[in-house]
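S.K.: Test case, fold it:
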Amino acid sequence: MYKPLENLSSYDIVLASGSPRRRELLAMLDVPFRVDTSHPVDEVVPEGTTPEEVPLILSQVKADAFPIEVGSELLVITADTVVIIDGMILGKPADAEDACRMLRLLSGRSQKVVTGVTVRSADRSVCFSAESIVNFAPLSDEEIRWYVDRYRPLDKAGAYGIQEWIGAVGITGIEGSFYNVMGLPVQKLFSILKAW
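M.R.: Next up, the predicted model:
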């Protein structure tokens, strides 16, 4: 009888992320895992790093911060997602006003969403990134304010959740993975895990 990712049955799989969306997305792969956020890192990247490289580097930093003993059956998954527009990274907004500012910047335009993922065990590490282009319809100030006040997207890169109201009414199209925009490119991750 088929069982997804049975090759990982001996591993203690850890998602080292506090994101409820990543938890939900990893659960879609039907593999047991636990969440552990006890190894926080300073999210600093080397000078001269391009915006597209930032999430991959940060996912590696997060994975490297997690102690894995030689010979252990621990498998750690880390990720970082950024929204890029005009060559700038939009991370998580500082407050509601910052969230409104970001959404005004995205309104009526296309942006790139990049997620970097690292999968690490005692004997190997695999890093990859995924890119999606998200196209926004023009949004009124009233729509932006309503969304920010109602959904409080302060824990989301670019100040929006594609799976929320703003995604339903404001996103006209996506090139690439929908789940990548949510924060974890699950199909690409599944391919990596299947070959582990």
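
S.K.: CA atoms for contacts and neighbours, from now on please.
M.R.: Fine.

S.K.: Hmm, residue 109 is touching residue 139, no?
M.R.: No. Counting by CA atoms under 8 Å, residue 109 stays clear of residue 139, with 10.1 Å between them.

S.K.: Name the residue in these two with the higher neighbour count.
M.R.: residue 139 (19 against 14; other CA atoms under 10 Å).

S.K.: State whether the more buried one is indeed within a helix.
M.R.: No. Membership of residue 139 in a helix is not supported by DSSP: H, G, I helix; E, B strand; the rest coil, which gives coil.

S.K.: Next up, the contacts around it.
M.R.: With CA atoms under 8 Å, 6 or more residues apart in numbering as the criterion, the residues that contact residue 139 are 104, 107, 108, 170.

S.K.: And for residue 122?
M.R.: Neighbouring residues of residue 122 by CA under 8 Å, 6+ apart: 68, 69, 70, 71, 72, 73, 74, 75.

S.K.: For the chain, which segments count as strands?
M.R.: With DSSP state E as the definition, the chain shows strands at residue ranges 12-15, 34-35, 74-85, 88-90, 110-120, 125-136, 171-175.

S.K.: Save those strands as a markdown table, and put in mean neighbour count and distance to residue 144 too.
M.R.: Listed next are those as a markdown table, based on neighbours: other CA atoms under 10 Å; distance: least, CA to CA, whole Å:
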| stretch | mean neighbour count | distance to residue 144 |
| --- | --- | --- |
| strand 12-15 | 20 | 32 |
| strand 34-35 | 14 | 32 |
| strand 74-85 | 25 | 17 |
| strand 88-90 | 17 | 16 |
| strand 110-120 | 24 | 17 |
| strand 125-136 | 19 | 12 |
| strand 171-175 | 15 | 13 |
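
S.K.: want to throw those strands into a markdown table with mean pLDDT?
M.R.: Below are the strands of the chain laid out as a markdown table (pLDDT from 0 to 100):
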| stretch | mean pLDDT |
| --- | --- |
| strand 12-15 | 98 |
| strand 34-35 | 98 |
| strand 74-85 | 97 |
| strand 88-90 | 95 |
| strand 110-120 | 98 |
| strand 125-136 | 98 |
| strand 171-175 | 98 |
